[in-house]
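Asks: Let's see this in three dimensions:
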Amino acid sequence: MKEGLVENEEVPESSSPGDIVETQFVGDGEPQTIPIPDLMSAKQNDISDIVEDIGYGPYHWKVVVAMGMMSFSDSTEIWIISLITYELKCTWGTSTFEDALIPGLVFLAMAIGSFVSGILADKYGRRQVMLVVYYVFAISAVTSALALDYYMFVILRMCVGFCIGANYGISICYSAEMVPLARRGFNLLLLDLIWAFGGAYICLCAYLVMDTSDNGWRWVIVLAAAPCILSIPILHYCDESVRFLLMKGRTEETMEVLQRMAKKNGKEPVEGTLKPVSNTEHSWSEIFKAPYTRRSYLMVIIFGAIVWVFYGFLYLLPDMMSYGYCDLSQFFETSYTNAEGCTMYTKDEYLFLLVTNILYIPGYIISPVMAEYWGRRPTLRFGYIAGLVFTALMMICLGAVTLYIELFIVVNLYGLCIATVWLYTPELYPTHLRSTATGTHNGFSKIGAAAGTFLTEIVDSYSIRYSILIYCVLLLISSIATLMLQHETMGISLRDDHDLDLCTPEPEEEEEKKRFGLEAQPEYGTESPTSSNNSKDQ
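Replies: Sure thing, here's the model as predicted:
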């Protein structure tokens, strides 16, 4: 019996171009040609291309709702401490220092939550960490409304702050990883709008409920937590981030999520296989090592300064009204003393703060538009420098009407800056570092917020202008930092591999890469000259 192989046999027409052809002799009969599939030639799809093809649709609305509720809670937490300060002073006789300590400790807890959750989310998954934190938030928030004394209240609100800090950064990363490039700015806009409506919602709750009884402030806390608690079932129906699953090598689960996404959005089923990405163990300090060193330190300054100013300003506004800065309160009734001798906000002041939250919306809308058509870096530079100019003008009292105009411009510039920072930061890092880096920058920024709110409460008792002067110094430093940014991420998909730089390198970065022995990567969607030549040769 003769068996063997015939080399250099012509490929039958029925064979596909990628087939390896093996010809076998069976017995004394004619040779039979058997095509063997070349597994290496199977179509491999990049995760970014698949997400782009699936597009934005009904699947993503549950993502917006689930992530938006944490943004909503972040806003209500910021405002609620400011709104109930007088009630706490009346209930427990707190001092000015104790009043200032509450927001400072809450923001410090947010910082810790951001640091810890970012690392955990890169290790165990975005969805798993968020679910645990959501439940802890629900318990802590409701329990804090039943606090028996000042210390119990502070501890429970710190738990709430920890949860908000933990989930907010993850929610931004999760949203960025699940939506196509063209809708990344739009998705963040929705989260920012929800943030603004969260502040307006809690001011409305205070307007309706605060003075109904001595425990009105407790009901306001419960109402503040209710929307986030009600959204927990929605998070259960959200899938894990497809980029995280692929990074961990869970390819089958990644394809299942992509198929569900395609079906829900009315697209054709995903075909082929997924191009694998590297999963590298990393430490927290990696984000401050090459090639991320410069961008990371600059973002600590840029992120921290605007959050210090942004949240400090939320506490400055009520003080501006209470102290009658530049006759700001001449158009409405200000704080009064009740029968027990306690100072209380009036309904007019609650309405003023409600309107102030609505005034942030134009800045949030303008931010993604400018960032998508002008670029992230130019938008940041414009926002910070213009914010510095108009913040400085508030130190000059030219009347209440002028101050109102300045306040409108300033809150929109602050909103534009912070929205652009949240859009820009996750784009600067690959998947295995993205949540860690975003959580780290958010953590440092919350330390700034803790210092900002604490100092605002203390400094305002001496002079409103001192607080404004501090904001100007911070905006000046951060404006210089924006001018030193080297990376532009507009129009570039999120990167997944640890050995690929996320952004198109500029000349300065190429020199830095050569110094560290790293090759500069081509811009996403383009080929390097070398690869192009190789393909022609082949």
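Asks: Touching, residue 107 and residue 446? I think so.
Replies: Yes. Residue 107 is in contact with residue 446 according to Cβ atoms under 8 Å; the separation is 4.9 Å. C-betas here are computed from N, CA, C, even on glycine.
Asks: quick one, what contacts residue 196?
Replies: Under the criterion of Cβ atoms under 8 Å, 6 or more residues apart in numbering, the contact list for residue 196 reads 75, 357-358, 360-361, 364, 415.
Asks: can you pull the contacts of the nearest residue to it once chain neighbours are set aside?
Replies: Excluding its sequence neighbours, the residue lying closest to residue 196 (Cβ to Cβ, 6 or more residues apart in numbering) is residue 360, at 4.7 Å. Under the criterion of Cβ under 8 Å, 6+ apart, the neighbours of residue 360 are 195-196, 199, 411-412, 414-415.
Asks: if you skip the residues just before and after it, what's nearest to residue 128?
Replies: residue 240 (7.4 Å).
Asks: So the one you found, which state does it fall into?
Replies: coil (DSSP: H, G, I helix; E, B strand; the rest coil).
Asks: Am I right that it is in contact with residue 127?
Replies: Yes. Applying Cβ under 8 Å as the test, residue 240 and residue 127 come out as touching, 4.6 Å apart.
Asks: which element is residue 268 on?
Replies: Using DSSP states H and E, residue 268 falls within no helix or strand.
Asks: Mind pulling up the pLDDT for it?
Replies: With respect to pLDDT, residue 268 scores 87.
Asks: same deal with residue 244?
Replies: We have a pLDDT of 89 for residue 244.
Asks: can you pull the buried residues of whichever strand or helix holds residue 188?
Replies: Using DSSP H and E, residue 188 falls within helix 184-209. Going by neighbour count (16 or more other Cβ atoms under 10 Å), the buried part of helix 184-209 is 184-207, 209.
Asks: That helix: how far from the chain's middle?
Replies: 15 Å (Cα atoms, centre = their mean, to the nearest Å).
Asks: I'd like the next helix or strand past that helix.
Replies: Past helix 184-209, the next helix or strand by DSSP H and E is helix 216-230.
Asks: Not counting sequence-adjacent ones, nearest residue to the residue nearest the centre of the chain?
Replies: Centroid-nearest residue in the chain, with Cα atoms, centre = their mean: residue 172, separated by 3.2 Å. Excluding the flanking residues, the one nearest residue 172 by Cβ to Cβ, 6+ apart is residue 422, at 5.5 Å.
Asks: Same question for residue 403.
Replies: In space, residue 403 is closest to residue 326, 4.7 Å off (Cβ to Cβ, 6+ apart).
Asks: just checking, that neighbour touches residue 404?
Replies: No. Applying Cβ under 8 Å as the test, residue 326 and residue 404 come out as separate, 9.5 Å apart.
Asks: So between those two, which is more surrounded?
Replies: Between residue 326 and residue 404, counting by other Cβ atoms under 10 Å, residue 326 is the more crowded of the two (21 against 14).
Asks: now stretch 172-180: how far from the chain's centre is it?
Replies: When distances are taken as Cα atoms, centre = their mean, stretch 172-180 is centred 9 Å away from the chain's centroid.
Asks: so can I have TSV of the contacts of residue 360 showing pLDDT?
Replies: Supplementary listing: the contacts of residue 360 in TSV, determined by pLDDT from 0 to 100:
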residue	pLDDT
195	84
196	84
199	87
411	89
412	91
414	92
415	88
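Asks: Closest to residue 91 out of those residues?
Replies: Checking the contacts of residue 360 against residue 91 with Cβ to Cβ, the nearest one is residue 199 at 23.4 Å.
Asks: List the residues that contact that closest one.
Replies: 75-76, 78-79, 353-354, 357, 360.
Asks: Tabulate the residues you listed in JSON lines, adding columns for distance to residue 141.
Replies: Listed next are the contacts of residue 199 as JSON lines, based on distance: Cβ to Cβ, whole Å:
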{"residue": "75", "distance to residue 141": "14"}
{"residue": "76", "distance to residue 141": "9"}
{"residue": "78", "distance to residue 141": "14"}
{"residue": "79", "distance to residue 141": "14"}
{"residue": "353", "distance to residue 141": "21"}
{"residue": "354", "distance to residue 141": "21"}
{"residue": "357", "distance to residue 141": "20"}
{"residue": "360", "distance to residue 141": "23"}
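Asks: Redo those residues as JSON lines? Include secondary structure.
Replies: Formatted as JSON lines, these follow (three-state DSSP):
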{"residue": "75", "secondary structure": "helix"}
{"residue": "76", "secondary structure": "helix"}
{"residue": "78", "secondary structure": "helix"}
{"residue": "79", "secondary structure": "helix"}
{"residue": "353", "secondary structure": "helix"}
{"residue": "354", "secondary structure": "helix"}
{"residue": "357", "secondary structure": "helix"}
{"residue": "360", "secondary structure": "coil"}
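Asks: Compare those residues and tell me which has the most neighbours.
Replies: Ranked by neighbour count (other Cβ under 10 Å), the contacts of residue 199 have residue 76 at the top, with 29 neighbours.
Asks: thought that residue was touching residue 202?
Replies: Yes. Residue 76 lies in contact with residue 202 (Cβ under 8 Å); the separation is 4.3 Å.
Asks: residues shared between the contacts of those two?
Replies: Common neighbours of residue 76 and residue 202 (Cβ under 8 Å, 6+ apart) are residue 224.
Asks: Tabulate the CA atom coordinates of stretch 44-51 in PDB.
Replies: Provided in PDB are the C-alpha atoms of stretch 44-51 (Å, rounded to 0.1, in the frame of the first residue of the first chain):
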ATOM      1  CA  GLN A  44      -9.400  38.900  13.700                       C
ATOM      2  CA  ASN A  45     -11.300  42.000  14.600                       C
ATOM      3  CA  ASP A  46     -10.000  44.900  16.800                       C
ATOM      4  CA  ILE A  47     -12.300  45.600  19.700                       C
ATOM      5  CA  SER A  48     -12.400  49.300  18.800                       C
ATOM      6  CA  ASP A  49     -13.600  48.500  15.300                       C
ATOM      7  CA  ILE A  50     -16.400  46.300  16.500                       C
ATOM      8  CA  VAL A  51     -17.600  48.900  19.000                       C
END
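Asks: Using neighbour counts, pick out the buried residues of it.
Replies: Here stretch 44-51 shows 45, 47-48, 50-51 as buried, counting by 16+ other Cβ under 10 Å.
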